[in-house]
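Colleague: Structural data only, the sequence is not supplied:
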């Protein structure tokens, strides 16, 4: 009888240990999801609140990109480089598996599409080496090759 009680206590201890491990894992998972959501929000917020990126978003959205093919206004080209560097970083995170394609699409579909649809910007992207990571991301999203001519 004593051996039976000992066996039941041992089994109960294993069950409690397994349940504790499961509870710990679930808590870790919830915390990880919460932290990832916070990180994605900060990335999103950084893009949509940074003034130079906002100015370039407006230019791309309004098709005001003749400065790209003229390559004379170094300040605007610098802002374009900042804009493209942001998306190079996004593409890098995607390639490394830190961002899922669905997350990229949910957060940045429109600005990425405006890059891909602007012929002058895509020429600039190719000319200055942004095409490796950013080009691969645009292609994976199905935006690469969809071009719109500029309104001048």
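Modeller: Perfect, I can see it now. Keep in mind that this is a model prediction, so the values were computed, not measured.
Colleague: Residue 88 contacts residue 130, correct?
Modeller: Yes: if you go by CB atoms under 8 Å, residue 88 and residue 130 touch, sitting 5.9 Å apart. Heads up, the C-betas are built off the backbone N, CA and C, glycines and all.
Colleague: Spell out which residues make up each domain of the chain.
Modeller: Split into domains by automatic domain parsing, the chain comes to 1-36, 50-152.
Colleague: what stretches of this structure score poorly on pLDDT?
Modeller: Low-confidence segments of the chain, defined by pLDDT under 70: 145-152.
Colleague: Please compute how far the lengthiest helix in it lies from its chain's middle.
Modeller: Looking across the chain with DSSP state H, the single longest helix is helix 2-49. Distance of helix 2-49 from its chain centroid, counting by CA atoms, centre = their mean, to the nearest Å, is 27 Å.
Colleague: And it, what does it pack against?
Modeller: Packed against helix 2-49 by the contact rule (3 or more CB pairs under 8 Å, 6 or more residues apart in numbering; DSSP states H and E) you find helix 101-117.
Colleague: which residues touch the helix it packs on?
Modeller: The set of residues external to helix 101-117 that reach it, using CB atoms under 8 Å, 6 or more residues apart in numbering, is 40, 43-44, 47, 57, 60-61, 84, 87, 90, 94, 121-122, 125, 134, 137-138, 140-141, 143-148.
Colleague: mind listing what's buried in that helix?
Modeller: 103-105, 107-108, 111-117 (16 or more other CB atoms under 10 Å).
Colleague: Now do the helix or strand hosting residue 78 and helix 2-49, the angle between them.
Modeller: Per DSSP states H and E, residue 78 falls inside helix 74-95. With axes from the mean of the first three to the mean of the last three CA atoms, to 10 degrees as the basis, helix 74-95 and helix 2-49 are set at 160 degrees to each other.
Colleague: which outside residues touch helix 74-95?
Modeller: Taking CB under 8 Å, 6+ apart as the rule, helix 74-95 contacts 43, 47, 52-53, 55-57, 59-60, 67-68, 71, 99-101, 104, 108, 111-112, 115, 121, 124-125, 128, 130, 133-134, 136-137, 140.
Colleague: What of stretch 29-46?
Modeller: 90, 103, 107.
Colleague: Can you add distance to residue 20 and give those residues back as TSV?
Modeller: Converted to TSV, those look like this (distance: CB to CB, whole Å):
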residue	distance to residue 20
90	39
103	32
107	37
